[in-house]
Each structure stands twice: as structure tokens, then as C-alpha cells.
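A.B. asks: Dropping a prediction and its sequence here:
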Amino acid sequence: MSLLAAQIDALLENETNLIANLSNASALLNDSLADINWVGFYLYDPQTDQLDLGPFQGKVACMHIQNGVGVCGTALKENKVLRVANVHEFAGHIACDSASNSEIVFPLVKDGEILGVLDIDSPKLDRFSAEDEQKLSAFVEALLKHL
């Protein structure tokens, strides 16, 4: 288990409040990751088939993202992690913060239910490595146990 995964697992032990857990998860990532400018969650609303802004750390953000649109919506629709080295080259990228240059997005799916996505942005191009993806995937796995 990665250090971040162990930290989130310990931090959220015996806590069941979704908003509290996602808030502390975004704060932990914001404090732990270098060279990021936004980290947070978009929560899936099946009635509107869109992602709605959830707990985050960073500048103001887009409040609604359609399923299949932008990096977050595409990760949701394809149910896979998307690691984008240069968001300006991603077709349909939604520029909530013009300072963001790279992004990694993790779908949040528990027991077959789509909960939303974890979105992390960086002002650096090609900020997120395969190793980052692996460590953050372990973080997401640990987080999902508490949602």
C-alpha cells in the first residue's frame, strides 16, 4: 500500500460522511502532491447524466461537466484513468483554469455504481507519471472503501 493510500485509510477510519471524506481526501492530496494547482472531486448525477462539482482544493472550478465531455467526462464515460500530458492537445478539453497544462482523472466506481471522478490538475506539462498513476490508483482504491 502506498503512503498516500495508508494515510487516507487511517484518516477516514470509522467516518461515513461522503462530503467530509472527500473534503479531507482533497486536502490530503493538495498537501502531499507537488506541482498541482487543483485537486478535487466531481460527483455523478445519474438524473442529469453529468458531473457536479464536489469538494476540492484550488481556484474556482466548472460546476457541471457533461458525461463524455472534457478529460473528466471522458474518463467517466470510458470508465478509465486518463493521464493527459498536455490538456491543450486534448480534444474538447474544458479550460476551467487557464494555468492548468496537464491532468490526471480517476473514475470513482464502487460496487458497480458510478460515484464520480477524482481530478488533479498541474501547471506543468507532463506532470503525472505512470508511477504517480499507480500510487494515486492505490489512493483511490483505499478511498473507495470509505465512501
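C.D. replies: Now that the structure is in, tell me what you want to look at. All figures in this text were calculated on a predicted structure; none of them were measured in a lab.
A.B. asks: Need the residue closest to the centroid of this structure.
C.D. replies: Leu118 (1.5 Å; Cα atoms, centre = their mean).
A.B. asks: ok, that one - contacts?
C.D. replies: Counting by Cβ atoms under 8 Å, 6 or more residues apart in numbering, Leu118 touches 25, 39-41, 105-106, 108, 136, 140, 143. In this view, the C-beta of every residue, glycine as well, is placed from N, C-alpha and C.
A.B. asks: which one of those sits closest to Asp49?
C.D. replies: Sorting the contacts of Leu118 by distance to Asp49 puts Leu108 at the head of the list, at 15.9 Å, by Cβ to Cβ.
A.B. asks: hang on, the closest one in a strand?
C.D. replies: Yes - the assignment for Leu108 by DSSP: H, G, I helix; E, B strand; the rest coil puts it in a strand.
A.B. asks: just to revisit the earlier point, any idea how far the residue nearest to the centre of the chain is from Gln47?
C.D. replies: Distance, Leu118 to Gln47, by Cβ to Cβ, to the nearest Å: 22 Å.
A.B. asks: Ala91 now?
C.D. replies: In this view, Ala91 and Gln47 are 27 Å apart by Cβ to Cβ.
A.B. asks: got it, and Ser32?
C.D. replies: In terms of Cβ to Cβ, Ser32 sits 34 Å off from Gln47.
A.B. asks: Please say which of these two ends up with more neighbours.
C.D. replies: The residue with more neighbours, out of Ser32 and Gln47, is Ser32; 15 against 5, by other Cβ atoms under 10 Å.
A.B. asks: Can you tell me, leaving aside adjacent residues, what's nearest to the more buried one?
C.D. replies: Counting by Cβ to Cβ, 6 or more residues apart in numbering, Ser32 lies nearest to Leu4, which is 6.0 Å off, once chain neighbours are set aside.
A.B. asks: Great, nothing more from me.
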